[in-house]
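Asks: Build me a structure from this.
(chains A and B)
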Amino acid sequence: MTRWKNDSRILPLRVLVAKPGLDGHDRGAKIVARALRDAGMEVIYTGLRQTPEQIVRAALDEDVAAIGISILSGAHNTILPRICQLMREHQMDDVLVVVGGIIPDDDIPALKQAGVSEVFQPGASTETIVDFIRTHARR
Amino acid sequence: MVGMAKETEIHPTERKASAAERRWLEKTRVLPKRLSEFTTTSDVPINPLYTPADLAGFDYNQDLGNPGAYPFTRAIHATMYHEKVWTMRQFCGFGTPEETNHRLHYLLEQGQTGLSIAFDLPTLMGYDSDHPLAEGEVGKCGVAVSSLTDMEILLGGLPLDRISTSMTINSPAAILWAQYLVAAEKSGAEWKKLSGTIQNDILKEYIAQKEYIFPPAPSMRLVTDTLAFAARETPNWNPISISGYHIREAGSTAVQELAFTLRDGIEYAEWAMRAGLQVDDFAPRFSFFFNSHNDLFEEIAKFRAARKVWARVCRERLHAENPRSWRCRFHTQTAGCSLAAQQPYNNVVRTTIQALAAALGGTQSLHTNSLDEAWGLPTEAAATLALRTQQVLAHESGLTETVDPLAGSYLVEKLTLDTERACYEYFDQIDALGGMVAAIEKGFPQREIHEAAYAYQKAVEQKKKIIVGVNEFVAEEERPIEILAIDERAAAWQRRKLQDLRERRDARRVQAALEALRSAAASDQNLMPCILNAVRAYATLGEMCDVLRKVFGTYEEPNY
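Replies: Numbering: from 1, shown residues only, chains lettered A, B, ... in the order given. A predicted model of the protein is given here:
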């Protein structure tokens, strides 16, 4: 990691938008990806049905500052902790993880415990998501 | 398509306002306006007043016709709900087949008149409950069904020869349908008496919902095989439900929903005819499935235009001669994407308006969403209230007493004509791209939908569209509602049953059936007999899909 790469005044934030699990509903992921791009970030979209391993690998390869995960299938309690675990194994502690989708309040504490920084529930605006990533991305 | 492009010039007569209308315009020009522009939910500009001038050239017989007569704009049946109120068919499926069977019986006891089954994501993607990719997903978005055993449990005790069943299954539709046919046969119900629907609409999967397994060509072959088999063996079954619902959920406009759906219908018919089928053998069993969103008149116009456009396309473009082929029969579901997570009780009101639009639009069957579906699958109490919503509309509101009650409304007729015209414009664009499969491969409908979805999101965030409880009238504190949780016990139970099944069945018979399926898939023979044979041998969904994945390959969405 060269020093100039970390300087956000020179290079835009790089964000991976990821769609894990078997769910194909990509309306939200694509809207968020576009809103992040419109806000000046560089966005890499994984496409559908990526395993946790594929997502973490893509985040490493693309050298992103943040991962935005969209999941609407109800499998978040299984999939998200695994992604966070794999990230720890790869020393990716400085990569921000945010999640959007159909995630009930009751599930949020455990997801945050696992390493997710923020959960955006239905009705969240793209502006809120952009602001959060811009403020909290650590690289 | 020769002869069809001209349809975009429907009633090209110039609009001529009457003296009275000009006076009104003059008088209102100076009045204050609440908004700078008024638009529908789909962002179509809408006027404050519609008059006879908007319907210049309008002809009752040509544009409407009597209910039950070509072009069916008013209704596909002469007396509609006088004969029979729409079928109340609540989409239902969660956890194990045992749990869903219980809910299906409950809904029938509450007065539901048809069944509709939702499958979980592993089932939709052709994986058994014990596949590694199924982990965390079993029973979450629907019921898990991997084998004939599961299907028999799911349907246990239901009167299959007397009730119609709709199954939302697409890429592996032929397999789930075969499981249903064998389960029905074992329960003593004759195939000829079975009525119901498999969704089996792969094109809208590539366009919108994205639950595809195989590439387009073999997928279309599977559809054609089911159409041919149904025409011979199950005269009362709808082997396809050509769906706009998911296109709308992905963020399309009302016009895009209609145009892409009907153009998909043309595509299926053309592929089937190229495979040697006669249009009048399968088109009468085509069924359609639309979304009903918040904008009452826009939706009603869409339903009316759907019947008119399909009738004409079927007759003039596909050359169907049987009037039963011309009728656009459709199911409606209220818009899941319109449900708000905030102040969820407001969703009951939204659903009521949407259900009203569907009934005023002449739907054949209806699903009303539950108030809690922005959070999860419905609880029993929420599902009951959703069913009651339809029952109140059907039995207390008076809307079922007159066929197509809004006909002749300047607004509704103008919107219907405009929707029809816009629909033909999309047909022209898709034809120019080489048809729907080619358009999908070029990403055309996907891009159109994404543009509309993004524009809608921006409009909501800029408060150009008000969503009560979300961007206006927001509550400081939300009262939590009960949410149906599906835990991992469902998955464990499914895995145990599959293990038992794999030990108990005749392994050699399964292998032989799968081998026969493999060689049939590599040839051009109809796959249904081989799939039925494999189902009878208790080969699982995942095993059959693995065979087909090997022969057909799998599909990945191109970057566009």
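
Asks: Could you use CA atoms for every contact and neighbour count after this?
Replies: OK.

Asks: so how many other residues sit close to B:Glu211?
Replies: 24 (other Cα atoms under 10 Å in any protein chain shown).

Asks: list the contacts for the residue in the stretch 201-350 of chain B that chain A sits nearest to?
Replies: Chain A sits closest to B:Lys210 of the stretch 201-350 of chain B, with a gap of 4.8 Å, by Cα to the nearest Cα. By Cα atoms under 8 Å, 6 or more residues apart in numbering or on different chains, B:Lys210 lies in contact with A:Gly24, A:His25, B:Lys204.

Asks: Now neighbour count too, for these, in JSON lines please.
Replies: Shown next, in JSON lines, are the contacts of B:Lys210 (neighbours: other Cα atoms under 10 Å in any protein chain shown):
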{"residue": "A:Gly24", "neighbour count": "22"}
{"residue": "A:His25", "neighbour count": "21"}
{"residue": "B:Lys204", "neighbour count": "25"}
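
Asks: List the buried residues for stretch B:149-161?
Replies: B:Thr149, B:Asp150, B:Met151, B:Glu152, B:Ile153, B:Leu154, B:Leu155, B:Gly156, B:Leu158, B:Leu160, B:Asp161 (16 or more other Cα atoms under 10 Å in any protein chain shown).

Asks: tell me the mean pLDDT for that stretch?
Replies: The average pLDDT within stretch B:149-161 is 97.

Asks: what's in contact with that stretch?
Replies: Contact partners of stretch B:149-161, identified using Cα under 8 Å, 6+ apart, comprise B:97-98, B:100-101, B:105, B:144-145, B:179-180, B:183-184, B:189-190, B:193-195, B:538.

Asks: same thing with stretch B:444-453?
Replies: Under Cα under 8 Å, 6+ apart, the answer for stretch B:444-453 is A:27, A:30-31, B:207-208, B:247, B:250-253, B:256, B:260, B:439-440, B:560.

Asks: Could you rerun that using 6 Å?
Replies: B:Ile207, B:Gly251, B:Ser252 (Cα atoms under 6 Å, 6 or more residues apart in numbering or on different chains).

Asks: Then stretch A:129-136?
Replies: Residues from elsewhere that reach stretch A:129-136 (Cα under 6 Å, 6+ apart): none.

Asks: Pull the distance from that stretch to the chain's centre.
Replies: Here stretch A:129-136 is found 11 Å from its chain centre; the criterion is Cα atoms, centre = their mean, to the nearest Å.

Asks: List the buried residues in that stretch.
Replies: A:Ile129, A:Val130, A:Ile133, A:Arg134.

Asks: SS state for the first one?
Replies: Going by DSSP: H, G, I helix; E, B strand; the rest coil, the secondary structure assigned to A:Ile129 is helix.

Asks: what does stretch B:538-555 contact?
Replies: By Cα under 6 Å, 6+ apart, the list of residues contacting stretch B:538-555 reads B:Gly126, B:Tyr127, B:Asp128, B:Ser146, B:Ser147, B:Ile213, B:Phe214, B:Pro215, B:Val510, B:Arg518.

Asks: At the contact with chain A, which residues of the stretch 201-350 of chain B appear?
Replies: Within reach of chain A by Cα under 6 Å from any Cα of the partner chain, the stretch 201-350 of chain B has these residues: B:Gln209, B:Lys210, B:Glu211, B:Ala250, B:Ala341.

Asks: What's the end-to-end length of stretch B:495-513?
Replies: Distance between the boundary residues of stretch B:495-513 (Cα to Cα, to the nearest Å) amounts to 23 Å.

Asks: related to what we said a few turns ago, which of the contacts of B:Lys210 fall within strands?
Replies: In strands, judged by DSSP state E, none of the contacts of B:Lys210 are found.

Asks: How is the residue nearest to B:Ser243 when sequence neighbours are not counted classified with respect to secondary structure?
Replies: Of all residues not flanking B:Ser243 in the chain, B:Phe289 sits nearest, at 4.5 Å (Cα to Cα, 6 or more residues apart in numbering or on different chains). Secondary structure state of B:Phe289, per three-state DSSP, is strand.

Asks: Touching, B:Phe289 and B:His331? I think so.
Replies: Yes: the pair B:Phe289 / B:His331 is scored as a contact, 4.6 Å apart, by Cα atoms under 6 Å.

Asks: shared neighbours, these two?
Replies: Going by Cα under 6 Å, 6+ apart, no residue sits against B:Phe289 while also sitting against B:His331.

Asks: mind listing what B:Lys465 touches?
Replies: Contacts of B:Lys465 by Cα under 6 Å, 6+ apart are B:Ala459.

Asks: That one - that's part of a helix, no?
Replies: No: with three-state DSSP as the criterion, B:Lys465 is coil rather than part of a helix.

Asks: Backbone torsions only: list them for it.
Replies: phi -120, psi 130 (degrees, to the nearest 10).

Asks: May I see the contacts of B:Lys210 arranged in JSON lines, with distance to A:Gln85 and pLDDT as well?
Replies: As requested, the contacts of B:Lys210 are exported to JSON lines (distance: Cα to Cα, whole Å; pLDDT from 0 to 100):
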{"residue": "A:Gly24", "distance to A:Gln85": "24", "pLDDT": "94"}
{"residue": "A:His25", "distance to A:Gln85": "25", "pLDDT": "94"}
{"residue": "B:Lys204", "distance to A:Gln85": "36", "pLDDT": "98"}
